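Novice: only geometry, no sequence info:
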């Protein structure tokens, strides 16, 4: 029985698994990825790539490629609320098209001072790009149509069996680590006996219960709807509530409605499914179903553990969201980025295995935070009920529509203008962060104040019209020097001695110095500030701490 040997085995080829493969492969770490699906996603799945995720894609050199996907570049990414799509528009939260986002980001200040703005694109398109880039890396083997069927942590390694779906073909792999990114029903997590904790299925008028999903084609939609196109179309009426994302801006949509008491997906024929869709449009449009399914809204769940020995979990395998705010996939990408550089550091011998203990310590609180934000967004829309005469062609109806519109516009702003959620997560309590224990202030979804205190995302500025500060960071560690008088020589010596790959970045910029507050700043591979200070620091303690060598002494 021949065992293939890899540094890492990844179960699951969704965004978490693919980004992890990219992070490892870019660092020369060998990994094999198995996913039981025949290929990347056919269904649209997640539809919003947050700005932080786009910054990670920029760091990986694929942001422009991803921003070119999805809808036409001049298609508005508005969130619009209707009674029915062809009847009354109630509210609209305007957001820039991909083309506008590319231009606007360079002049934005305050909370949205970032290297990238969000992009509205279906996960199915993103996964194809991630897969193509992962497959281009010489140390990465990507295998769809293969299911991990057995695994065992044998102390100094993990053994894994994978079987080709529909055949008897089996492969055996030995690796230093196994990563379970195999989704909400994760075989890895369940086999380890790790449970989810949290809200296991809230019931609401909307966004809480069994949801029925249609991926469909309906070019006629844009002919019969008398309002400007929008990326997200939300229907609000007493008969049938729904939300629907534009997938290609030409007539493909991801339509989701909540099933009522007594309705079940099995009883809904394709003909009836189209009738449901038409009732929400409010016009007898022609449409074709590309795929259909159901899922449950109302989850805010986080696994009790993210690690067991040499086995780690990420993405939906450790956190389940109701997709309000689009946080599940974006949280998964952040998981992969965090775990990726740490795995590579340990595999290459630059950091001790204890560094990997910080993955759960850093990411689990963020998962609890983000599922909490998503739950609040779902409650805000799901518990707000349409009044009976909302659709009436009368003064009362018009007044009710105005009232609903005011609420829904405020809700749209609170769910989709979320720089605090996007940039504000922090790792202050991590033993590898030289935390200053300042109070970073309240953690609010719509408020982000750039903060260079160790533990958060490095504050961003544009150095010129094309160059983001982040473009100048190294792919691994970066020592940012903001004063000519501060050399950081002791830190550089200690880093080199530890085998750390450290890029030195000198920028003489008053605005940046004010933003960072210290002349020397050490930035991790995931663009998190690990330490800031001056030449008087204890260099060996700083480097020892950030690499995890001193964790046992905490």
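Specialist: It's in. Note that the structure is a prediction, hence the values are computed from the model and not measured. Residues are numbered from 1 along each chain as shown.
Novice: Pull the distance from the lengthiest helix in the chain to the chain's centre.
Specialist: For the chain, the helix with the greatest residue count under DSSP state H is helix 357-382. Chain-centre distance of helix 357-382: 12 Å, with Cα atoms, centre = their mean, to the nearest Å.
Novice: Pull out the buried residues from it.
Specialist: 357-367, 369-375, 377-382 (16 or more other Cβ atoms under 10 Å). Placement of C-beta: from N, CA and C, glycine included.
Novice: There's contact between residue 196 and residue 302 in this structure, I believe.
Specialist: Yes: in this structure residue 196 lies within contact range of residue 302 using Cβ atoms under 8 Å: 6.7 Å.
Novice: Those two: who's more crowded?
Specialist: Using other Cβ atoms under 10 Å, the more surrounded residue of residue 196 and residue 302 is residue 302, with 24 against 19.
Novice: That one: what's it in contact with?
Specialist: If a contact means Cβ atoms under 8 Å, 6 or more residues apart in numbering, then residue 302 has 196, 197, 198, 318, 319, 364, 367, 368, 371 as its contacts.
Novice: and with 10 Å instead?
Specialist: Contacts for residue 302 (Cβ atoms under 10 Å, 6 or more residues apart in numbering) come out as 196-199, 318-321, 331, 363-372.
Novice: Ok, residue 522 next?
Specialist: Residue 522 neighbours (Cβ under 10 Å, 6+ apart): 434, 454, 477-480, 488, 491, 495, 500, 502, 529-533, 537, 542-543, 546.
Novice: Filter those down to the ones in helices?
Specialist: Mapping the contacts of residue 522 onto helices (DSSP H) picks out 491, 495, 542, 543, 546.
Novice: Neighbour-wise, which one of those leads?
Specialist: Counting neighbours by other Cβ under 10 Å, the top entry in those is residue 543, with 27 neighbours.
Novice: The spatially closest residue to it that is not a sequence neighbour: how many residues sit nearby?
Specialist: In space, residue 543 comes closest to residue 494 once its chain neighbours are excluded; the distance is 4.2 Å by Cβ to Cβ, 6 or more residues apart in numbering. Residues lying near residue 494 (other Cβ under 10 Å) number 20.
Novice: Quick check: pLDDT value at residue 494.
Specialist: We have a pLDDT of 97 for residue 494.
Novice: so it touches residue 531, yeah?
Specialist: No: using Cβ atoms under 10 Å, residue 494 is not in contact with residue 531; the gap is 11.6 Å.
Novice: what do those two both touch?
Specialist: Residues touching both residue 494 and residue 531 (Cβ under 10 Å, 6+ apart) are 537, 541, 542, 543.
Novice: For residue 490, see how far away the third one is.
Specialist: Which is residue 542. Residue 542 is 9 Å from residue 490, where distance means Cβ to Cβ, to the nearest Å.
Novice: can you pull the contacts of residue 298?
Specialist: Going by Cβ under 10 Å, 6+ apart, the list of residues near residue 298 reads 199-204, 207-211, 258, 320, 322, 375, 378-379, 382.
Novice: Report the buried members of those residues.
Specialist: Buried, going by 16+ other Cβ under 10 Å: 199, 202, 204, 207-211, 258, 320, 322, 375, 378-379, 382, out of these.
Novice: if we can go back for a sec, out of the contacts of residue 522, which sit inside strands?
Specialist: If you go by DSSP state E, these have 477, 478, 479, 480, 502, 529, 530, 531, 532, 533 in strands.
Novice: burial measure for the first one, as a count.
Specialist: Residue 477 sits with 23 neighbouring residues when counted by other Cβ under 10 Å.
Novice: Quick check: the gap between it and residue 185.
Specialist: Distance from residue 477 to residue 185, by Cβ to Cβ: 37 Å.
Novice: same deal with the fourth one?
Specialist: Remark: distance between residue 480 and residue 185 (Cβ to Cβ) = 43 Å.
Novice: Which one of the two is surrounded by more residues?
Specialist: Neighbour count, other Cβ under 10 Å: between residue 480 and residue 185, residue 480 has more, with 25 against 9.
Novice: Identify the residues contacting the more buried one.
Specialist: Contacts of residue 480 (Cβ under 10 Å, 6+ apart): 452, 458, 469, 472-473, 488, 503-507, 512, 516, 518-523, 529, 532.
Novice: Residue 264 is in contact with residue 209, isn't it?
Specialist: No: counting by Cβ under 10 Å, residue 264 does not reach residue 209; the two are 11.8 Å apart.
Novice: Tell me how many other residues surround residue 181.
Specialist: Residues lying near residue 181 (other Cβ under 10 Å) number 31.
Novice: dump the residue contacts of it.
Specialist: 10-21, 33, 35, 188, 312-318, 332, 335-336, 339.
Novice: again, 8 Å this time
Specialist: Here residue 181 is in contact with 10-14, 16-17, 20, 313-315, 317, 332, 336 (criterion: Cβ under 8 Å, 6+ apart).
Novice: do residue 91 as well
Specialist: Residue 91 neighbours (Cβ under 8 Å, 6+ apart): 80, 81, 404, 405, 406, 408, 409, 412.
Novice: Same question for it, what's its three-state structure.
Specialist: Here residue 91 is strand, with the state taken from DSSP: H, G, I helix; E, B strand; the rest coil.
Novice: and it, what pLDDT?
Specialist: So residue 91 comes in at 97 (pLDDT).
Novice: now it, which residues is it bridged with?
Specialist: Beta-bridge partners for residue 91, by DSSP bridges, are residue 81.
Novice: Next, find the distance separating it from residue 223.
Specialist: When residue 91 is compared with residue 223 (using Cβ to Cβ), they lie 23 Å apart.
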